[in-house]
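Asker: I'd like to go over a predicted model; first the sequence, then the structure.
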Amino acid sequence: MLQTKSVLLELHYFPCIQYFSKLAHYPSIHIEQQEHYQKGSFRNRCLIAGANGPLRLSIPLQQGKNEQQGIREVRIAYKEPWRQQHWSSIRSAYGNAPFFDYFADRLRPFFELRYDFLFDLCWELLQTLAELIQIDGNLMLTEQYHSQAGAGWMDLRNSIHPKPHRNTPDQNFYPAPYPQVFEEKHGFLPNLSILDLLFCTGPEAAIVLESSFVELE
């Protein structure tokens, strides 16, 4: 594990494998809590693999100009039963995965509790996921906003995005293959939510994450 850099990332909902490869590799991860919310990002959505292919799960937000709101002020909407829908989709997608039953009891409560704020839900999820994968890196929140990261920092904010044209090329990431539930039907689907890797590989998830990080000479 590198000892020279701190990484700066925004908070995602059930982040993808690329995101977690940074958490597994670098010793110090700072999560941005001073930014403004940005629509169309992974801040309130993730991608899993269902029987019919990739499936997007999005947390609905209360109406308002969210892009002008601080990320910690963005509220979750509950007009639709999205918690039940998300958990049902996850259970349908991964109920037959080797490690679903092993981890389900740790994750189900997040779909039973009613969080007011998006950030609070995603922050608690991130810490729980890091614990389940046994990531040793130090997760912390930023204390103030900096438009540019200082020396010794790697600024990866907004570099991982659902829209390919918004993604920043990442020479340190190569999605290592692993067995997936619907691989025979759809082939290997890279860089899904960490849920896919966790339910499919269990204690081997950290190894896959390290294998997905490419050291540049």
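Answerer: Good, I have the coordinates. Numbering: from 1, shown residues only.
Asker: looking at the protein, which helix or strand does the model trust least?
Answerer: Every helix and strand of the chain was ranked by mean pLDDT, DSSP states H and E. The lowest is strand 153-155, at a mean of 91.
Asker: partner strands of it, parallel or antiparallel?
Answerer: Its sheet considered, strand 153-155 pairs with strand 6-9 (parallel) by DSSP bridges.
Asker: next helix or strand past the partner strand?
Answerer: Remark: after strand 6-9, the chain's next helix or strand is helix 17-25, criterion DSSP states H and E.
Asker: what comes up buried for that following helix?
Answerer: Neighbour counts over helix 17-25 (16 or more other CB atoms under 10 Å) mark 17-25 as buried. Using the backbone N, CA and C atoms, a C-beta is placed for each residue, glycine as well.
Asker: got it, and stretch 121-138?
Answerer: Neighbour-count burial for stretch 121-138 [16+ other CB under 10 Å]: 121-123, 125-126, 129-130, 132-133, 135, 137.
Asker: average pLDDT across it?
Answerer: Confidence for stretch 121-138, expressed as mean pLDDT, is 95.
Asker: what's it in contact with?
Answerer: With CB atoms under 8 Å, 6 or more residues apart in numbering as the test, stretch 121-138 has contacts from 1, 11-15, 20, 23-29, 31, 43, 59, 76, 103, 106-107, 110, 115, 139, 141, 194, 198, 203, 205-206, 209.
Asker: got the CA positions of it in PDB?
Answerer: Presented in PDB, the C-alpha positions along stretch 121-138 are these (Å, rounded to 0.1, in the frame of the first residue of the first chain):
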ATOM      1  CA  LEU A 121     -26.900   7.400   4.500                       C
ATOM      2  CA  CYS A 122     -24.000   7.100   2.000                       C
ATOM      3  CA  TRP A 123     -21.400   7.900   4.600                       C
ATOM      4  CA  GLU A 124     -22.600   5.100   7.000                       C
ATOM      5  CA  LEU A 125     -22.900   2.800   4.000                       C
ATOM      6  CA  LEU A 126     -19.300   3.500   3.000                       C
ATOM      7  CA  GLN A 127     -17.900   2.800   6.400                       C
ATOM      8  CA  THR A 128     -19.900  -0.400   6.700                       C
ATOM      9  CA  LEU A 129     -18.700  -1.600   3.300                       C
ATOM     10  CA  ALA A 130     -15.100  -0.800   4.100                       C
ATOM     11  CA  GLU A 131     -15.400  -2.900   7.200                       C
ATOM     12  CA  LEU A 132     -17.000  -5.800   5.400                       C
ATOM     13  CA  ILE A 133     -14.200  -5.900   2.800                       C
ATOM     14  CA  GLN A 134     -11.700  -5.400   5.600                       C
ATOM     15  CA  ILE A 135     -10.100  -2.300   4.100                       C
ATOM     16  CA  ASP A 136      -7.400  -0.900   6.400                       C
ATOM     17  CA  GLY A 137      -7.200   2.600   5.000                       C
ATOM     18  CA  ASN A 138      -8.200   5.600   7.100                       C
END
